[in-house]
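[1] I would like to see how this sequence folds:
(chains A and B)
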Amino acid sequence: MTDLIRIARQFIEAIPHARALGMQFESLGDGKAAISMPYDPRFVGDPATGVIHGGAVSALMDTASGAAVMCHPTAPTSTATLDLRIDYFRAATPGQAILARADCYHVTRSVAFVRVTATDGDESRPVAAATGAFTLDRHKGTGP
Amino acid sequence: MTIKRPEPVQVIKQRRDAALSGLLSGVPYIGYLGITFDRRGDELTAILPFDEKLIGNPSIPALHGGVTAAFLEVAAIIELAWGTLWEAMESGQTDTPAANAPIRLPKTIDFTVDYLRAGLPRDAYARARINRSGRRYASVHVEAWQDNRARLFAQGTGHFLMPQPPGSPAE
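    All right, here's what the predicted structure looks like:
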């Protein structure tokens, strides 16, 4: 598991935009990924309230989703977002980090389906949720 | 009876540009991503100049899917807020809207992004079209392209909750 976390850190380090937003892996494995993003005044979308912009939350959820696909047991070699639908439930509380938990719950030979939820300090009231379809590349000669 | 002379074009342009920059400068995240807007009359084009920090897949390299989503969402929100601001400005309700209380932005209810091809490491452009704008809800479609206007690299549709005018009953 520690090995996986090390690989995961390298994964984030290799994605300039994930690094720019200060994303950090919390857990990873078996088609599931949790990534956090600290609060940063530069990512504010509504100056009147100090609430983080939805776009930054989208970027976090997209990254967590991609990571969930990459750690699926079928071991894809690469992935890209085909479609992502994001639902915003409420404004994230200013000052709090946001955690995205993604679950790659189904894969076909060429497509992966992901559900992801974003929460802040209050775990019982999610900030946003998304569902996505991702492309899936595999090693030749594998797959169902 | 006297006919009111139209305002000099520079005065009109200056007022409109000030209103737009007031709207944009208030949002830190727009500045962080480096998004700017090109204005022709009331028509806006969002511009995302390429930057290394926007990369999501360094091996291709391609823009981060989240950057694309954020870019489209920003284009949609600004289009909606600009529409409201433009109306207020043209009807003479607000002279310098930017100088007044902070502009209240529409809130995203949902946003769907359709990734058509990889975002290349160069500038991207987006235009939003308001398909429906009611008192409370709005539906907006956004198209984004890079080198060729006809070859979209992403498109998006979102629903938004419009800010209620001051003094109106609570939502």
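[2] quick one: pLDDT of residue 134?
    In the absence of a named chain, this looks at chain A. We note a pLDDT of 96 for A:F134 in this prediction.
[3] wait, chain B
    On pLDDT, B:G134 comes in at 91.
[4] Check A:P73 too.
    According to the predicted model, the pLDDT of A:P73 comes to 94.
[5] which stretches of the chain form strands?
    In the absence of a named chain, this looks at chain A. Assigned by DSSP state E, the strands in chain A fall at A:24-29, A:32-37, A:44-46, A:51-52, A:78-88, A:98-107, A:111-119, A:128-137.
[6] looking at chain B here, not the other one
    B:36-40, B:43-48, B:55-57, B:62-63, B:107-115, B:124-133, B:137-145, B:152-161.
[7] Export the ones you listed to JSON lines and append columns for mean neighbour count.
    For the C-beta atoms, the positions are set from N, CA and C on the backbone; glycine is no exception. As requested, those are exported to JSON lines (neighbours: other CB atoms under 10 Å in any protein chain shown):
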{"stretch": "strand B:36-40", "mean neighbour count": "13"}
{"stretch": "strand B:43-48", "mean neighbour count": "18"}
{"stretch": "strand B:55-57", "mean neighbour count": "23"}
{"stretch": "strand B:62-63", "mean neighbour count": "24"}
{"stretch": "strand B:107-115", "mean neighbour count": "21"}
{"stretch": "strand B:124-133", "mean neighbour count": "18"}
{"stretch": "strand B:137-145", "mean neighbour count": "20"}
{"stretch": "strand B:152-161", "mean neighbour count": "21"}
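[8] Dump these to JSON lines, plus distance to B:G26.
    Rendered in JSON lines, the data for the strands of chain B read as follows (distance: least, CB to CB, whole Å):
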{"stretch": "strand B:36-40", "distance to B:G26": "13"}
{"stretch": "strand B:43-48", "distance to B:G26": "16"}
{"stretch": "strand B:55-57", "distance to B:G26": "27"}
{"stretch": "strand B:62-63", "distance to B:G26": "25"}
{"stretch": "strand B:107-115", "distance to B:G26": "15"}
{"stretch": "strand B:124-133", "distance to B:G26": "19"}
{"stretch": "strand B:137-145", "distance to B:G26": "20"}
{"stretch": "strand B:152-161", "distance to B:G26": "17"}
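[9] Going by mean pLDDT, which of those strands comes out lowest?
    For these, the bottom mean pLDDT is recorded on strand B:55-57, which sits at a mean of 90.
[10] so how far is that one from its chain's centroid?
    Average the C-alpha atoms of strand B:55-57, do the same for its chain, and the two points are 24 Å apart (CA atoms, centre = their mean, to the nearest Å).
[11] What strands flank that strand, and is each parallel or antiparallel?
    Each strand that pairs with strand B:55-57, with its direction, by DSSP bridges: strand B:62-63 (antiparallel).
[12] what sits up against the partner strand?
    Contacts made with strand B:62-63 from outside it, assessed by CB atoms under 8 Å, 6 or more residues apart in numbering or on different chains, are listed as A:A80, B:L54, B:I55, B:G56, B:A118, B:G119, B:L120, B:P121, B:A124.
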